[in-house]
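In: Predicted model and sequence below, questions to follow.
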Amino acid sequence: MWIGFVPSNTDLLEECRPFTKMIPLLLKEMVPERKSLQQFRISRLKNVPQNEEPGDCGVSALKYIECKAIGCGFEGLSDQCILAMRIKLAAEIYDEVSGL
């Protein structure tokens, strides 16, 4: 979960506490034998790029996930380059679905 707008770790823990209890219960209903009711642990990464521009959070989140998936850093990820990334992503999606 990416929560960049919560200023302190104490606030983050308080905001996420309902999810730490709810998610294990949902998992127990879906896969009862494999999951417990144990509350999730919350951790907050440091030095994660923050998205300040409204409307760009989806592209920022996708690029963040992509960086994590391929094991690269976040050095090039900033509000200044999100518009270009949005256009590139739209072009890639168009190329993929244009033949359907």
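Out: Received the coordinates, thanks. Numbering: from 1, shown residues only.
In: Mean confidence (pLDDT) on the helix or strand containing residue 68, please.
Out: Assessed by DSSP states H and E, residue 68 sits inside helix 57-70. What helix 57-70 shows for mean pLDDT is 85.
In: next one: stretch 75-87
Out: Per-residue scores along stretch 75-87 average to 85.
In: CA atoms only: put whichever helix or strand comes after the helix holding residue 68 into CSV for me.
Out: Counting by DSSP H and E, the element after helix 57-70 in chain order, helix or strand, is helix 79-97. Output of helix 79-97 as CSV, limited to C-alpha atoms (Å, rounded to 0.1, in the frame of the first residue of the first chain):
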residue,chain,number,x,y,z
ASP,A,79,6.8,14.4,-10.7
GLN,A,80,8.7,16.1,-13.5
CYS,A,81,8.8,12.9,-15.7
ILE,A,82,5.4,11.4,-14.9
LEU,A,83,3.7,13.1,-17.9
ALA,A,84,6.2,11.6,-20.3
MET,A,85,5.7,8.2,-18.6
ARG,A,86,1.9,8.6,-18.9
ILE,A,87,2.2,9.2,-22.6
LYS,A,88,4.6,6.3,-23.1
LEU,A,89,2.4,4.0,-21.1
ALA,A,90,-0.7,5.0,-23.1
ALA,A,91,1.2,4.4,-26.4
GLU,A,92,2.3,0.9,-25.1
ILE,A,93,-1.3,0.0,-24.2
TYR,A,94,-2.6,1.3,-27.5
ASP,A,95,0.0,-0.8,-29.4
GLU,A,96,-1.0,-3.9,-27.4
VAL,A,97,-4.7,-3.6,-27.9
